[in-house]
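Engineer: this is a predicted model, with the sequence first.
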Number of protein chains: 4
Amino acid sequence: MTELAAVKAALKTQAVETPSWAYGNSGTRFKVFAQAGVPRDPFEKLDDAAKVHEFTGAAPTVALHIPWDRVEDYAALAAHAEKRGVRIGAINSNTFQDDDYKLGSICHPDAAVRRKAVDHLLECVDIMDATGSRDLKLWFADGTNYPGQDDIRSRQDRLAEGLAEVYGRLGENQRMLLEYKLFEPAFYTTDVPDWGTAYAHCLKLGEKAQVVVDTGHHAPGTNIEFIVATLLREGKLGGFDFNSRFYADDDLMVGAADPFQLFRIMYEVVRGGGFTSDVAFMLDQCHNIEAKIPAIIRSVMNVQEATAKALLVDGPALAAAQDSGDVLEANAVLMDAYNTDVRPLLREVREESGLDPEPMKAYRSCGWAEKVVAERVGGEQAGWGA
Amino acid sequence: MTELAAVKAALKTQAVETPSWAYGNSGTRFKVFAQAGVPRDPFEKLDDAAKVHEFTGAAPTVALHIPWDRVEDYAALAAHAEKRGVRIGAINSNTFQDDDYKLGSICHPDAAVRRKAVDHLLECVDIMDATGSRDLKLWFADGTNYPGQDDIRSRQDRLAEGLAEVYGRLGENQRMLLEYKLFEPAFYTTDVPDWGTAYAHCLKLGEKAQVVVDTGHHAPGTNIEFIVATLLREGKLGGFDFNSRFYADDDLMVGAADPFQLFRIMYEVVRGGGFTSDVAFMLDQCHNIEAKIPAIIRSVMNVQEATAKALLVDGPALAAAQDSGDVLEANAVLMDAYNTDVRPLLREVREESGLDPEPMKAYRSCGWAEKVVAERVGGEQAGWGA
Amino acid sequence: MTELAAVKAALKTQAVETPSWAYGNSGTRFKVFAQAGVPRDPFEKLDDAAKVHEFTGAAPTVALHIPWDRVEDYAALAAHAEKRGVRIGAINSNTFQDDDYKLGSICHPDAAVRRKAVDHLLECVDIMDATGSRDLKLWFADGTNYPGQDDIRSRQDRLAEGLAEVYGRLGENQRMLLEYKLFEPAFYTTDVPDWGTAYAHCLKLGEKAQVVVDTGHHAPGTNIEFIVATLLREGKLGGFDFNSRFYADDDLMVGAADPFQLFRIMYEVVRGGGFTSDVAFMLDQCHNIEAKIPAIIRSVMNVQEATAKALLVDGPALAAAQDSGDVLEANAVLMDAYNTDVRPLLREVREESGLDPEPMKAYRSCGWAEKVVAERVGGEQAGWGA
Amino acid sequence: MTELAAVKAALKTQAVETPSWAYGNSGTRFKVFAQAGVPRDPFEKLDDAAKVHEFTGAAPTVALHIPWDRVEDYAALAAHAEKRGVRIGAINSNTFQDDDYKLGSICHPDAAVRRKAVDHLLECVDIMDATGSRDLKLWFADGTNYPGQDDIRSRQDRLAEGLAEVYGRLGENQRMLLEYKLFEPAFYTTDVPDWGTAYAHCLKLGEKAQVVVDTGHHAPGTNIEFIVATLLREGKLGGFDFNSRFYADDDLMVGAADPFQLFRIMYEVVRGGGFTSDVAFMLDQCHNIEAKIPAIIRSVMNVQEATAKALLVDGPALAAAQDSGDVLEANAVLMDAYNTDVRPLLREVREESGLDPEPMKAYRSCGWAEKVVAERVGGEQAGWGA
């Protein structure tokens, strides 16, 4: 197989998981702008997600968020997905929208609240069993707003205890993906603020516990690709929550704020073997002002383009320049791949896979947007709260 | 008058404006945790604000937010305030919660939306006339989320045009206070991101236009007291929106995250004559998880303590050390004031003003919290959206 | 002229000024790694700069730094430049390396030190007269390390006074370019920390005073292209000091850290008419570990590529998408230009201009690097201190 | 023993290690301002350090930096220290000032350079043996300036290999303290950028390997006290390099930029048992413009004051407020301690220990500064390079 054929082959297997909640309404603390045609239940979210997969060929799984996607019959939900050509991806827990969680969930000073939180996590594993999902994705809004509010160390003890119970409940082929986040909604400390904390917990839990890197959850100036390389080296990178940010956790379309960073991340993924392992490539975005399905298509394409560039890096030339200490040449080899316009290549990949080479145009002309605006009338639109 | 007497006299005249919305519910994009006893209308907010003033003696005015505080009869609202011992402060406009404002208000590409926004601002001036308010406080959520989304420069032109029309409507003793903010809810650009932009617009508008410094609206590492000193030197500091932050616009209690910064800011205010001029000292905070009235009392006290320390700086000793280039001694003179425990001094000030020396304890034992929890049943609690 | 022809014509006129000091040694506070073949005097720096221009055709002027480039006969220096095919660009003052400047220069509390600093600036104008330079570029290391160290406001007064004297000395076609910087070497305040401060001073000085944007001198998260757009709108953008940074003022090759940001900046320059006006495009970089001349060639090429992409933005399509509020389409139009591989276009531009299409390869094979390593033996290598 | 007596007893045992290099000249990349009276060799540095201990009673050990403090006879150096009343503290390696280290030391692509670096580290252990030092403190300037420059993961492999060899050489009571730093002098990646990376390496090395927290080595917004609490919980906090910063690694006097943060850190140290364990409290500062010995005295006092406040926190009241979820009260308990003026308490502690209650005044009147200015004439002043 030629070099280019190998690149194409790799691109054809790439899978990006889209999040059910990105099809619903979202916003900032100032305002949620509702959009016409937005799904009203998990089934309609899957319908939209299936459209993204239909046109990109690269979004075969859909992450759920419980309780936002709570249904009576999860097997039916999974069957619905399959009928539409997609599958259920990670189950995302939510322990931040109940009044009991005002001061935390799994780290709360009150044991009763912790019990409730852990029970919810266990319920999520039940849902994994019912839907065939492999990954339990845990992000905790836990933290404190004011110095002194709670004891940092005790909260770590509680966290460790709760995680251990849930870990013990995992099935053989299930994983626990622990996400970290610097701040928001807690503004003084969060209980898992950085990769080091997530890593330390996962290490103690065992092999099924892995770290998730959300590209919007770091302090300014953090070198994310270094973290990616390090976690891959440690065998502890479970997956990504992709999005992009200029300031905080802006949750913009992946690749929109710093496409060069996304390329560098994907390069480290390729370099570290993450592209051919169990690393999950998930989106976690909020499309506050832009049309949702096209935004997600665009995001999938942005990941594909960054990946294509990463795959095009001339490895031997790079290694040679690095070994000889030629700073400019090594950088030039990397930039050469980045500066390449990979859109023609991806159009070829799509055509060879029987897809329209232009997913966005194809979606726009398929009539789905108009159809859902016309049909999805009445009911309550899905959003972060429902 | 002795030195200390002068400090006390200054402290007795200090006024901190509290914001009506800080008495209502607030939260993050993840969740608003409602609190029992929260006001259900502007009149009840004023009742709560009056309690803060009753126990601190330092919060005589209350800022309104339109439309959150829209009432039929503003004169009645002002009279209600006066009856409770407080007055109406700045009128804050809101051009971010109507569906029309999804892509901006006064900077929107569509002239009709801009017209609507400007009309709202003019309505706010009407309310100023009706309530005797001096200050129109303008913060615009306008901006863009994605590069290319709109034309940065055209938006500035639209902003200038809209501001000019509103400025022309101001009465003789009325002011326009223009606030800047780095980001949120817009994540790529905001249309007034920094003091320089606000200053440039105010300069062209005229003397009644002044800049507002919200202490949570800067990029990490920004030296806020430098901005304060500079705006005072330029005669363009209209006031403050006080709050504190560890990361972004966290809107925590002022002085909670970096009390030394608050002291340095107040020192520049004192140094620059801002303490005895028209600079408005306003709070703009969100009490997401803590009790609201006590949080505001605490905030007023934090401002008082920072001010007391600033007033205690030994000016001649500082100037002497600065002039002689004695870096350590100059720093030591400043730190000497900061390291002083000024709480005894403020207790004296309160007692001399006929107040309880311990505002928090006094409030806690007065029964108001229990009373409002019992009485404010039914109706819709006030919040950012209502 | 077709669209593409116009783009090419524009690219052919683009001029990037290279800084004399970038050809000498530089480093961090930890270590300066000397490189073989580095120039030993201003004449040799011009020789190197001429090589950059010879192969790029886009670097016709060279900025000087006084006293690093102090010579007996400036007319001779200018003549040497001309003989090599380049000209003298901006004169950069240096008021930070004399022992007297420990606590500042033009803002120093001691009038004698201020006098010395102003005299140096006046000397720089003399050098402008002698060399035909148009621009006096002022960056002040002035500031304080500790709160209280000096009086922020008095320092502004001193700054204004010193600048006014120097401004008065400018000839008819000369300009004063005032640079701002957030921090370093001063760590608490600098005396011109942001564009607002530089702008306020320039406004008072007059039309010949303009602001310089160094792309590495901002707080994390600052939207630099917004500042560019704003300064152009105000008629106050004098020029750029290009370089790139991941953390602080890293002074890496422009375009190396965030090429998308550089593109966005160049887009605002094109949009605001800066590309066809007097805006000076200067490099200000430190090549601590990489070969200097190739690094500068690469930097010039990076600016060219960003400019080419900016020129390729489909203006009418962008405006149409912006006016209709189509967020995704507007962003897509911009990204379309960014994602284009413009290297073939620039190769054409160079060939049409009689240049080698591959400046880096051409330089590498011309033998200059080997020649200077062989010939520049003995003497003292140029660096930041000499 | 009463509560206060216990606090005093704790304060009397507190030891802050001062760094030999802080007594020599230092600066920024722009300029090193030399100071009169600065030591010219390690013996004179110890003389100065002894003065700090004489007046504070809290600085009994002095860290060395090799090769800056290289002497022929380390036993003689240790004896000199003892004669002056102090001891040798941590040995700090330096693998960044030799020309070979341009592209790294222990992580360099060239095995010969790595060998040289590891040999230097082994030499440092020899010096520990000779001086009785317990701690080998490792900070590596290793990293890259440009994406692609070297392979992130291979550098980790090299790092692990080198550390393992040095770890194997440690004596029974010796420790390896691994420091992390976000950036500088490397500007794209450093090879140990965060606590997670240092922790992961230390974990594999074994019990004698511990993490050092330099308070100036984090990304903006990082919650340092969380890291302190976490490392203590993991048994992996080896010590601190104290200093303070507003922007980057400013290396200002500890407590000068954010005294509240220092207090929060010391609170977590007390809370986590670090105050009574082997955690080393070291200073690592640069006194670029201020007098060095007084700056170090001030720094020791700042650490003492923060510690005193941390010890004064009313533990039971804090725990009660935390357990009951009273956010404001818990915060108030902490702030109560912080707002206390502990300077009178520390004066008492000093008097009870037979010291002058005012170390700064006592030092200033003892004549040492005048003496060394007069006597230390000729020779080469110590600095970062010598």
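Structural biologist: Ah, there it is.

Engineer: so what's A:Asp356 up against?
Structural biologist: Applying CB atoms under 8 Å, 6 or more residues apart in numbering or on different chains, we find A:Asp356 in contact with A:Phe55, A:Arg350, A:Ala362. (C-beta placed from N, C-alpha, C; glycine too.)

Engineer: would you mind identifying the next helix or strand past the one helix or strand A:Phe55 maps to?
Structural biologist: In the assignment (DSSP states H and E), A:Phe55 maps to helix A:42-56. Sequence-wise, the next helix or strand downstream of helix A:42-56 (DSSP H and E) is strand A:61-65.

Engineer: which strands or helices does that next one pack on?
Structural biologist: The contact analysis (3 or more CB pairs under 8 Å, 6 or more residues apart in numbering or on different chains; DSSP states H and E) places strand A:61-65 against strand A:18-19, helix A:42-56, strand A:87-92.

Engineer: rerun at 7 Å
Structural biologist: With contacts taken as 3 or more CB pairs under 7 Å, 6 or more residues apart in numbering or on different chains; DSSP states H and E, strand A:61-65 sits against helix A:42-56, strand A:87-92.

Engineer: just name the most buried of these.
Structural biologist: Among these, strand A:87-92 has the highest mean neighbour count (mean count of other CB atoms under 10 Å in any protein chain shown), at a mean of 26.

Engineer: report the angle between the following helix or strand past that one and strand A:87-92.
Structural biologist: Per DSSP H and E, the first helix or strand lying C-terminal to strand A:87-92 is helix A:111-131. Going by axes from the mean of the first three to the mean of the last three CA atoms, to 10 degrees, helix A:111-131 is angled at 170 degrees with respect to strand A:87-92.

Engineer: elements contacting helix A:111-131?
Structural biologist: Counting contacts by 3+ CB pairs under 7 Å, 6+ apart, helix A:111-131 packs against helix A:74-84, strand A:87-92, strand A:135-138, helix A:152-169.

Engineer: that helix versus strand A:61-65: what angle between them?
Structural biologist: 150 degrees.

Engineer: any idea of the angle the helix or strand A:Val212 falls within forms with helix A:152-169?
Structural biologist: Applying DSSP H and E as the criterion places A:Val212 in strand A:209-214. Computed with the same axes, to 10 degrees, the direction of strand A:209-214 lies at 120 degrees from that of helix A:152-169.

Engineer: packing partners of strand A:209-214?
Structural biologist: Where contact means 3+ CB pairs under 7 Å, 6+ apart, strand A:209-214 is packed against strand A:175-179, helix A:195-205, helix A:224-233, strand A:237-242.

Engineer: most tightly surrounded among the ones you listed?
Structural biologist: By mean count of other CB under 10 Å, those have strand A:237-242 as the most buried, with a mean of 26.

Engineer: for that strand, give the mean pLDDT please.
Structural biologist: Averaging pLDDT along strand A:237-242 yields 98.

Engineer: partner strands of it, with direction?
Structural biologist: strand A:209-214 (parallel), strand A:280-283 (parallel) (DSSP bridges).

Engineer: which one of those lies closest to A:Ala63?
Structural biologist: Nearest to A:Ala63 among the strands paired with strand A:237-242 is strand A:280-283 (5.9 Å), distances taken as CB to CB.

Engineer: near chain C, which residues of chain A show up?
Structural biologist: Within chain A, the positions adjacent to chain C are A:220-221, A:246-247, A:258-260, A:289-291, A:294-295, A:298, A:327-328, A:331, A:339-341, A:343 by CB under 7 Å from any CB of the partner chain.

Engineer: and those residues, which are buried?
Structural biologist: Buried members of the residues of chain A next to chain C, scored by 16 or more other CB atoms under 10 Å in any protein chain shown, are A:220-221, A:246-247, A:258-260, A:289-291, A:294-295, A:298, A:327-328, A:331, A:339-340, A:343.

Engineer: near chain D, list only the ones from these.
Structural biologist: Among these, chain D is touched by A:Pro220, A:Gly221, A:Val327, A:Asn331 when using CB under 7 Å from any CB.

Engineer: hang on, the last one is in a strand, isn't it?
Structural biologist: Right, the one you point to is A:Asn331. No - checked against DSSP: H, G, I helix; E, B strand; the rest coil, A:Asn331 lies outside a strand; its state is helix.

Engineer: where's it relative to C:Arg376, distance?
Structural biologist: 26 Å (CB to CB, to the nearest Å).

Engineer: circling back to that earlier point, among the helices and strands packed on strand A:61-65, which is nearest chain B?
Structural biologist: Taking CB to the nearest CB, strand A:87-92 is the member of the helices and strands packed on strand A:61-65 nearest to chain B, at 13.2 Å.

Engineer: for the closest one, give the mean pLDDT please.
Structural biologist: Strand A:87-92 shows a mean pLDDT of 98.

Engineer: what's the angle from that strand to helix A:74-84?
Structural biologist: Going by the same axes, to 10 degrees, strand A:87-92 makes 130 degrees with helix A:74-84.

Engineer: just the CA trace of strand A:87-92, in CSV.
Structural biologist: The C-alpha trace of strand A:87-92 is given here as CSV (Å, rounded to 0.1, in the frame of the first residue of the first chain):
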residue,chain,number,x,y,z
ARG,A,87,-25.1,3.2,17.8
ILE,A,88,-25.1,4.4,21.3
GLY,A,89,-21.8,5.7,22.5
ALA,A,90,-20.6,6.9,25.9
ILE,A,91,-23.1,7.4,28.7
ASN,A,92,-22.5,10.8,30.4
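
Engineer: quick check, pLDDT for the nearest residue in space to A:Val228 that is not next to it in sequence.
Structural biologist: Spatially, and ignoring its direct neighbours in sequence, A:Val228 is nearest to A:Glu268 (4.5 Å; CB to CB, 6 or more residues apart in numbering or on different chains). Per-residue confidence (pLDDT) for A:Glu268: 98.

Engineer: likewise the one 3 residues further on?
Structural biologist: A:Arg271 carries a pLDDT score of 97 in this model.

Engineer: ditto for A:Thr2
Structural biologist: 77.

Engineer: try the one 4 residues further on
Structural biologist: Per-residue confidence (pLDDT) for A:Ala6: 95.

Engineer: tell me how far it lies from A:Lys12.
Structural biologist: 11 Å.

Engineer: quick one: A:Gly383 from A:Met253, how far?
Structural biologist: 19 Å.

Engineer: who has more neighbours out of the two?
Structural biologist: Higher neighbour count among A:Gly383 and A:Met253: A:Met253, with 29 against 16, using other CB atoms under 10 Å in any protein chain shown.

Engineer: out of everything not next to it in sequence, what's closest to the more buried one?
Structural biologist: Using CB to CB, 6+ apart, the closest residue to A:Met253 is A:Ser299 (4.7 Å).

Engineer: what helix or strand is that neighbour on?
Structural biologist: helix A:292-312.

Engineer: tell me the mean pLDDT for that helix?
Structural biologist: Averaged across helix A:292-312, pLDDT comes to 98.

Engineer: and the helix or strand following it, which residues are buried?
Structural biologist: Later in the chain than helix A:292-312, the nearest helix or strand by DSSP H and E is helix A:315-323. Within helix A:315-323, the residues that count as buried by 16+ other CB under 10 Å are A:Leu318, A:Ala319, A:Ala321, A:Gln322.

Engineer: how about stretch A:98-116?
Structural biologist: By neighbour count on 16+ other CB under 10 Å, the buried set for stretch A:98-116 is A:98, A:101-109, A:113-114, A:116.

Engineer: from the contact counts, what lies against the worst-scoring helix or strand of chain A on mean pLDDT?
Structural biologist: Across the helices and strands of chain A, mean pLDDT, DSSP states H and E gives its lowest value to helix A:3-13, namely a mean of 95. If contacts are counted by 3+ CB pairs under 7 Å, 6+ apart, helix A:3-13 sits against helix A:292-312, helix A:343-352.

Engineer: buried set for it?
Structural biologist: For helix A:3-13, by 16+ other CB under 10 Å, it's A:Val7, A:Lys8, A:Ala10, A:Leu11.
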